[in-house]
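**Student:** Sequence and predicted structure, then a few things I'm wondering about:
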Amino acid sequence: MNDPSMLKLGVNIDHVATLRQARYRGRERGEPDPIEAALICESVGAQGITAHLREDRRHIQDRDVRQLRQVLKTRLNLELANVPEIVAIALEIKPDIVCVVPERRAEVTTEGGLDAARQWPSLAETRQRMNDAGIEVSLFIAPDPEQVEAAARVGSQFVELHTGAFAENFHRKRERAAELERLIAAANQAHSLRLRVNAGHGLNYQNLAVLRQVPHLVELNIGHSIISRAVVVGLATAVREMLLLMGAPGETNT
């Protein structure tokens, strides 16, 4: 049984689907299969699977999310923009948790955090609909006091702190220290407002040890670094290596 106090790993499988779509876009089947990848991650100890169903369907497809919901034994975290079409799919599929993120067509990956402070009325409405359906809600926000306070006003159960600036500045000592302090302050503020704290974006095998200084973390959502490492060592090994860095025990299926 997993220790509830243990830092959890949610593996983001979006870029498995990115590789598939590079050749098989518009087809019913293709490789690599993100469902198979998710099951491998789960089998070696990942405590959750994250997938982002974008409006432009550039990687994860509707059928992927439906299949994930059917086969996963761990936690399904569905990332989504707060738009009617995707919200409706989430309410139909009922993942364990949704993480509301900003979304722009031109971006390569999600850039920046959600402006919860300006969008809180519409976010609060979506949060209520999700909670009424038994789905927990997280908001992907920058580690800024205004955004953390807004997340509490929305009524979300979690915040996911955007660690992109920390990751980008990791090799600049002064800037890294400043970003780490922002994350620590935001985590403490969120905890004081009874929000649970996740983190993600740009986390990898090099910067994880420093990030562990941030208090109150429940789950880290990591995708690109694990999938990149998997090209060299295989997916199971890449996940195991990340779990070891996080202080997690071994496989859950033994």
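**Tutor:** Sure thing, it's come through.

**Student:** quick one: contacts of stretch 69-83?
**Tutor:** The contact list for stretch 69-83, computed with Cβ atoms under 8 Å, 6 or more residues apart in numbering, reads 10, 35, 38-39, 42, 46-55, 65, 68, 86-87, 89-90, 93-103, 110, 119, 122-123, 126, 138, 140, 221. C-beta: built from backbone N, CA, C; applies to glycine.

**Student:** Between the two ends of stretch 154-168, how far is it?
**Tutor:** Across its full length, stretch 154-168 reaches 29 Å between end residues, using Cα to Cα, to the nearest Å.

**Student:** again, but for stretch 215-229
**Tutor:** Between the opening and closing residues of stretch 215-229 lies a distance of 27 Å (Cα to Cα).

**Student:** returning to what we had before: next step: the contacts of stretch 69-83 restricted to helices.
**Tutor:** Counting by DSSP state H, the members of those that fall within helices are 35, 38-39, 42, 65, 68, 86-87, 89-90, 93, 119, 122-123, 126.

**Student:** Report the buried members of those residues.
**Tutor:** Neighbour-count burial (16 or more other Cβ atoms under 10 Å) is assigned, among these, to 35, 38-39, 42, 65, 68, 86-87, 89-90, 93, 119, 123, 126.

**Student:** now, among these, which is nearest to L161?
**Tutor:** Ranking these by separation from L161, with Cβ to Cβ as the measure, puts L123 on top at 16.6 Å.

**Student:** show me what contacts that closest one?
**Tutor:** When the contact criterion is Cβ under 8 Å, 6+ apart, the partners of L123 are 82, 100, 114, 116, 139, 154, 156.

**Student:** Check I226 too.
**Tutor:** The neighbourhood of I226, defined by Cβ under 8 Å, 6+ apart, consists of 11-12, 235, 238-239, 242.

**Student:** same thing but 6 Å
**Tutor:** By Cβ atoms under 6 Å, 6 or more residues apart in numbering, the contact list for I226 reads 11, 238, 242.

**Student:** Now it. Nearest residue, chain neighbours left out?
**Tutor:** Among residues not flanking I226 along the chain, A238 sits closest, at 5.0 Å (Cβ to Cβ, 6 or more residues apart in numbering).

**Student:** again, but for L243
**Tutor:** Leaving aside its sequence neighbours, L243 is closest to G45 (5.1 Å, by Cβ to Cβ, 6+ apart).

**Student:** same check, this time on P215
**Tutor:** Here the nearest residue to P215 in space, its sequence neighbours aside, is A187; by Cβ to Cβ, 6+ apart that works out to 5.4 Å.
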